[in-house]
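> Quick one, fold the following:
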Amino acid sequence: MFDPREKVAIFIDGANLYAASRSLGFDIDYRKMLKYFNEQGYLLRAYYYTALIEDQEYSSIRPLIDWLDYNGYRVVTKPTKEFTDSAGRRKVKGNMDIELAVDALELATTVDHMVIFSGDGDFRALVQALQSKGRKVTIISTVKTQPPMIADELRRQSDAFIDLADLRTQIGRELSERPDAQVGMHNNEDDDDEYDDYDD
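Below is the predicted model of the structure:
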């Protein structure tokens with residue numbers, strides 16, 4: 001699937017990956033992730049995308065973002081948008097699809113193999129566009145949850161699909177392992193609140 005001569009870039013839809021790994025019962029170890037992809041080919045870039053709630057004095061995801069920023073990831077953030085749905089419920093939207101797509105297309109002339117951590121069907125058109133430029137695209141999500149967290153059309157469009165559950169030993173850590181914030185993992189039990197209302 002990977003060729004050691006390939007230039008690789010990874011694109012992480014933060015909220016989507018967080019939800020998928022939690023559904024599978026483990027956390028992502030972002031240090032191990034960099035090591036794993038450096039062993040698969042020449043890792044040129046690693047992007048992490050997430051939306052932040054602006055008016056919060058402290059965000060439980062901030063330690064992770066700071067760690068990623070200092071340890072080899074390009075972190076792309078934007079403020080969430082708050083709105084009221086038709087039932088009068090307060091909702092928070094933090095969609096990073098456009099930012100991820102623009103970065104991937106800009107790198108398409110440089111990178112051989114794009115790895116996208118997301119199951120969002122909206123990325124099918126991006127995958128198709130990258131393939132039309134001769135790029136290989138691997139999607140990482142999971143079908144091992146009920147319902148599956150990957151859109152069928154995205155899985156079909158990709159050149160390769162890797163189930164996140166199969167990478168557990170390479171890039172994961174157990175939920176019971178609680179390192180401090182500096183090692184770059186989600187370690188705050190309030191993290192679930194960060195992602196509950198995201199529309200992906």
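
> where are the low-confidence patches of the chain?
For the chain, the stretches with pLDDT under 70 are 54-58, 82-83, 90-94, 176-200.

> residue boundaries of the helices in it?
With helices called from DSSP state H, the chain shows them at 14-24, 30-40, 62-70, 97-107, 124-132, 152-157, 168-171, 191-195.

> What are the buried residues along the fourth one?
For helix 97-107, a neighbour-count test (16 or more other Cβ atoms under 10 Å) marks 97, 99, 100, 101, 103, 104, 107 as buried. Bear in mind the C-beta positions are built from the backbone N, C-alpha and C, glycine included.

> what do you get for stretch 20-39?
Neighbour-count burial for stretch 20-39 [16+ other Cβ under 10 Å]: 20-22, 24, 26-34, 36-37.

> what does that stretch rub up against?
Under the contact criterion Cβ atoms under 8 Å, 6 or more residues apart in numbering, stretch 20-39 has outside partners 8, 10, 17-18, 43, 46, 48, 64, 67-68, 71-73, 115, 119, 141-142, 144-145, 149, 164-165, 167-168, 170-175, 177, 183-186, 192.

> Can I get that stretch in CSV, CA atoms only?
C-alpha atoms of stretch 20-39 as CSV (Å, rounded to 0.1, in the frame of the first residue of the first chain):
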residue,chain,number,x,y,z
ALA,A,20,-13.9,7.4,15.6
SER,A,21,-11.1,6.5,18.0
ARG,A,22,-13.3,7.0,21.0
SER,A,23,-16.0,4.8,19.4
LEU,A,24,-13.3,2.1,19.0
GLY,A,25,-12.2,2.5,22.6
PHE,A,26,-8.8,4.1,22.3
ASP,A,27,-7.0,7.4,22.0
ILE,A,28,-4.6,8.6,19.3
ASP,A,29,-0.9,8.8,20.2
TYR,A,30,0.2,11.6,17.9
ARG,A,31,3.9,11.0,18.5
LYS,A,32,3.5,7.3,17.5
MET,A,33,1.5,8.5,14.4
LEU,A,34,4.4,10.6,13.1
LYS,A,35,6.8,7.7,13.7
TYR,A,36,4.5,5.2,11.9
PHE,A,37,4.1,7.4,8.8
ASN,A,38,7.8,8.3,8.7
GLU,A,39,8.4,4.5,8.4
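
> now that stretch: how far from the chain's centre is it?
Between the centre of stretch 20-39 and the centre of its chain there are 10 Å (Cα atoms, centre = their mean, to the nearest Å).

> How about stretch 150-160?
Using Cα atoms, centre = their mean, the offset of stretch 150-160 from its chain centre is 16 Å.

> can you give me the end-to-end distance of that stretch?
Chord length of stretch 150-160, first to last residue, is 13 Å (Cα to Cα, to the nearest Å).

> mind listing what's buried in that stretch?
Applying 16+ other Cβ under 10 Å to stretch 150-160 flags 150, 151, 154, 155, 157, 158 as buried.
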